[in-house]
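1. need a 3D model of the sequence below.
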Amino acid sequence: MGRDTRRSRLVIVALLIAAFTLITLDYKTGRSASGARGVVHSALGGVENGVSAVTRPIGRTVSSLAHPNRYHDRADRLAQDNAGLRRQLADNAEIGRMSKQLGDLRLLADKGQYSVVPAKVIAVGDVTGTDWTVTINAGRDDGVDVDKTVLNADGLVGTVSSATAHTAVVRLACDPNSRVGARLERTQLLGAVAGGQGPSTLTFTLYDASFRVQKGDRLVTFGSMDYVAGVPIGVITKVTDVGGLSRTAEVKPYVSVGTLDLVGVVVGRPATDPGDRLLAPQPVPTQPAQTQPIQPAPTSPATQTPGTGTGTSPGTARPGQGGTG
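-> Predicted coordinates for the structure are as follows:
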């Protein structure tokens with residue numbers, strides 16, 4: 001046991017002497033030196049590279065264990081950069097969506113010759129079935145006042161019921177207390193649209209009971225103190241027969257209350273009634289293909305029956321008859 005320990009010590013001492021010798025030679029002669037340093041380097045270079053390849057991953061692992069916060073900080077920075085990129089993409093998508101809504105609203109306002117103030121829905125009121133309102137971020141300082149018509153790119157939203165300096169409350173067309181003067185597109189007959197049947201159903205009643213309503217008829221506002229004329233309201237989906245007179249109908253509004261976002265408050269009325277030009281063009285019904293009658297095939301002269309004038313000539317001799325002499 002003592003002899004092995006002594007031998008190990010001698011080997012360690014010899015290795016230390018060799019190491020110091022190599023360091024001294026490298027310092028004095030540089031890496032291009034030859035001789036003893038070059039011989040030793042060529043002999044031990046492969047061993048050195050192998051030891052480095054084995055010990056390098058171990059050193060990195062020890063370094064990571066000794067400095068864990070460095071890697072945690074890098075992961076946090078990457079997570080923050082990723083979140084920032086996601087927010088930027090979401091902002092770009094929101095900007096594109098709002099730009100499209102604003103463009104559609106401007107197009108509708110130009111067709112109707114309305115002056116509108118764009119506004120965004122910022123709150124929803126009590127929608128328990130007895131009160132249907134929303135709050136927008138435009139008010140008196142923007143020209144918004146009570147009884148102004150509110151619309152979006154799809155049609156009628158409602159009317160302003162109250163306003164402050166920078167906000168306003170809009171009573172929706174589906175509110176039970178809402179009543180809108182309406183006109184039928186096809187017949188130009190007048191009536192009234194009322195809420196109270198939920199957000200997706202309105203009730204239309206003709207003023208003149210001697211006329212009838214038809215499914216598929218479309219409605220626009222005809223203009224009053226509260227509403228400007230020509231704003232699309234909805235389409236009749238069901239006709240109710242009351243006492244043999246079809247003057248009451250259910251209407252599906254064009255505006256979806258559940259997706260209200262960007263709206264426009266009409267602060268300037270058109271000089272003339274826009275009529276029906278804000279309604280989308282009706283689809284043209286396709287005509288069924290006309291079938292041509294089958295013509296009989298013409299009969300050739302050779303197959304004509306005798307006596308029709310197209311057989312043999314009168315002066316032609318028939319078989320068995322004599323000549324003319």
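
2. what's the distance between the residue lying closest to Lys111 once chain neighbours are set aside and Ala173?
-> Spatial nearest neighbour of Lys111, chain neighbours left out: Leu278 (5.5 Å); criterion: Cβ to Cβ, 6 or more residues apart in numbering. The C-beta positions use only the backbone N, C-alpha and C, and glycine is treated the same way. For Leu278, the distance to Ala173 (Cβ to Cβ, to the nearest Å) stands at 16 Å.

3. show residues contacting whatever helix or strand Leu219 lives in.
-> Assessed by DSSP states H and E, Leu219 sits inside strand 218-222. Strand 218-222 is contacted from outside by 149, 156, 180-186, 190, 193, 204, 227-236, 251, 276, 278-279, using Cβ atoms under 8 Å, 6 or more residues apart in numbering.

4. what about dumping the CA coordinates of that strand to PDB?
-> Output of strand 218-222 as PDB, limited to C-alpha atoms (Å, rounded to 0.1, in the frame of the first residue of the first chain):
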ATOM      1  CA  ARG A 218     -87.700  45.000 -46.900                       C
ATOM      2  CA  LEU A 219     -88.100  48.100 -44.700                       C
ATOM      3  CA  VAL A 220     -86.400  51.500 -44.400                       C
ATOM      4  CA  THR A 221     -87.100  54.400 -42.200                       C
ATOM      5  CA  PHE A 222     -89.400  57.000 -43.700                       C
END
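
5. quick one: strands adjacent to that strand?
-> Under the criterion DSSP bridges, strand 218-222 sits next to strand 179-184 (antiparallel), strand 229-242 (antiparallel) in its sheet.

6. how about those, which one is nearest Arg87?
-> strand 229-242 (36.8 Å; Cβ to Cβ).

7. okay, the angle between the following helix or strand past the closest one and strand 218-222?
-> Where DSSP H and E defines the elements, the next helix or strand beyond strand 229-242 is strand 245-253. If you take axes from the mean of the first three to the mean of the last three Cα atoms, to 10 degrees, strand 245-253 sits at 90 degrees to strand 218-222.

8. next SSE downstream of strand 245-253?
-> strand 262-268.

9. run through the stretch 201-325 of the chain and note the low-pLDDT ranges.
-> Residues of the stretch 201-325 of the chain that meet the criterion pLDDT under 70 lie in 242-246, 284-325.

10. equivalent analysis for the stretch 1-150 of the chain, please.
-> 1-4, 11, 13, 18-72, 127-129.

11. got the end-to-end distance for stretch 121-133?
-> End-to-end distance for stretch 121-133: 10 Å, by Cα to Cα, to the nearest Å.

12. residues of that stretch that come out buried?
-> For stretch 121-133, a neighbour-count test (16 or more other Cβ atoms under 10 Å) marks 121, 125, 127, 132-133 as buried.

13. ok, stretch 249-257 next?
-> So, applying 16+ other Cβ under 10 Å, buried residues of stretch 249-257: 249-251, 253-255, 257.

14. can you give me the end-to-end distance of that stretch?
-> Across stretch 249-257, first to last residue, Cα to Cα, it's 20 Å.

15. which residues are in contact with that stretch?
-> Here stretch 249-257 has contacts from 132, 151-152, 154-157, 172-174, 193, 197, 199-204, 213, 215, 217, 219, 232-240, using Cβ under 8 Å, 6+ apart.

16. what subset of those is buried?
-> 132, 151-152, 154-157, 172-174, 193, 199-204, 213, 217, 219, 232-236, 239.

17. hang on, the earlier thing: make TSV from the buried residues of stretch 249-257 and add distance to Asp145 to it.
-> Formatted as TSV, the buried residues of stretch 249-257 follow (distance: Cβ to Cβ, whole Å):
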residue	distance to Asp145
Ala249	33
Glu250	32
Val251	28
Pro253	24
Tyr254	25
Val255	21
Val257	23
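
18. so which of those comes closest to Val267?
-> Val255 (19.3 Å).

19. give me phi/psi at that closest one?
-> phi -90, psi 130 (degrees, to the nearest 10).

20. ok so, going back, and the buried residues of stretch 249-257, which is closest to Asp110?
-> The nearest one, if we look at these relative to Asp110 and count by Cβ to Cβ, is Tyr254, at 18.1 Å.

21. grab the nearest non-local neighbour of that closest one.
-> Gly155 (3.7 Å).

22. and Asp217, by the same measure?
-> Using Cβ to Cβ, 6+ apart, the closest residue to Asp217 is Ile236 (4.6 Å).

23. beta partners of the one you found?
-> Beta-bridge partners, per DSSP bridges, of Ile236: Val251.

24. same question for Ala192.
-> Gly181, Thr205.

25. shouldn't it be in contact with Ala182?
-> Yes. With contact defined as Cβ atoms under 8 Å, Ala192 reaches Ala182; the gap is 6.3 Å.

26. neighbour count for those two, which is higher?
-> Each of Ala192 and Ala182 has its neighbours counted (other Cβ atoms under 10 Å); Ala182 has more, 27 against 15.

27. pull the contacting residues for the more buried one.
-> With Cβ under 8 Å, 6+ apart, Ala182 has these contacts: 190-193, 204, 219-222, 233.
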